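>>> With the sequence up front, the predicted model follows.
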Amino acid sequence: MLQILNKEFQLSFSNIILTIIFIPIAYILNISSIFLYIGFMFGFIFYAFYYDGKNHANRFIKSLPIKLRHVVLARHLFQLGLSIIVLIYLSIIDALVHHYLPYFSYQPISWITVLILFALTSFISAVSYPIYYYFQSFTTAVAVQIGSLTILASLTGIALNLFHVQLEPFIFFILDLIEFQPTLIIILFSIGCLFLSYLLSSWIYARKETQ
């Protein structure tokens, strides 16, 4: 497990350095760092699987005395830890910028915004991982991922528009639940998404490697 986590860290090291550098630059240039954060988290997923495919990393992984589900678990844990660390870093930079750069036009990042960003990136990761593990072609996986997220967002918008009266009680129930304990609910949702993604990704990965 530690070998795989170390591999993930080495693989993402250059992206981590770019994230550390570009988040303050985005603030200095008066650019919203929220979109930059989401873009970087997408980038970590893209590059990890692109590297695996280009360098045939699965051959190396098969040579290690480690269970396949631990390979998937390590990637999920690394992504989870990285999301939390980058969000903490983003919050610190945001606080410093709003204190020392009065010209910055965006509102300070609140704790609820941090939680929503965490939930959003967790959900996107949870949808993306099984897709990348299922498809052999990186290009196909990217196309399916973008298409799936677009279709999901479109269907959600259509459902809310057409059935807003029927869905209104359910929506208000969810909002009341989140308002009652926002931190716990959002964290449980995020962890739940990643856990389900891990189970599905492990099953797909193990099935592919045994065929």
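Received it, and whenever you're ready, just let me know what you need.

>>> residues near Ala206, how many?
By the criterion of other C-beta atoms under 10 Å, Ala206 has 16 neighbours. C-beta coordinates here come from the backbone N, C-alpha and C atoms, glycine included.

>>> Apologies, that question was intended for Phe13.
10.

>>> what sits against it?
Residues counted as contacts of Phe13 (C-beta atoms under 8 Å, 6 or more residues apart in numbering): none.

>>> Check what pLDDT Thr113 gets.
Note for Thr113: predicted pLDDT of 84.

>>> Can you name the next helix or strand after the helix or strand it falls within?
Under the criterion of DSSP states H and E, Thr113 resides in helix 111-134. Note on helix 111-134: by DSSP H and E, the next helix or strand toward the C-terminus is helix 138-162.

>>> so that next one versus helix 111-134, what angle?
With axes from the mean of the first three to the mean of the last three C-alpha atoms, to 10 degrees defining the directions, helix 138-162 sits at 130 degrees from helix 111-134.

>>> can you map out the strands along this structure?
Ranges of strands in the chain, per DSSP state E: none exist.

>>> Tell me, please, the helix or strand in it that averages the lowest pLDDT.
helix 57-62 (a mean of 60; mean pLDDT, DSSP states H and E).

>>> can you pull the contacts of the residue sitting nearest the centre point of the chain?
The residue lying closest to the centre of the chain (C-alpha atoms, centre = their mean) is Thr121, at 3.3 Å. If a contact means C-beta under 8 Å, 6+ apart, then Thr121 has Tyr37, Ile38, Met41, Ser83 as its contacts.

>>> Would you mind giving me the confidence score for the third one?
Spelled out, it's Met41. 82.
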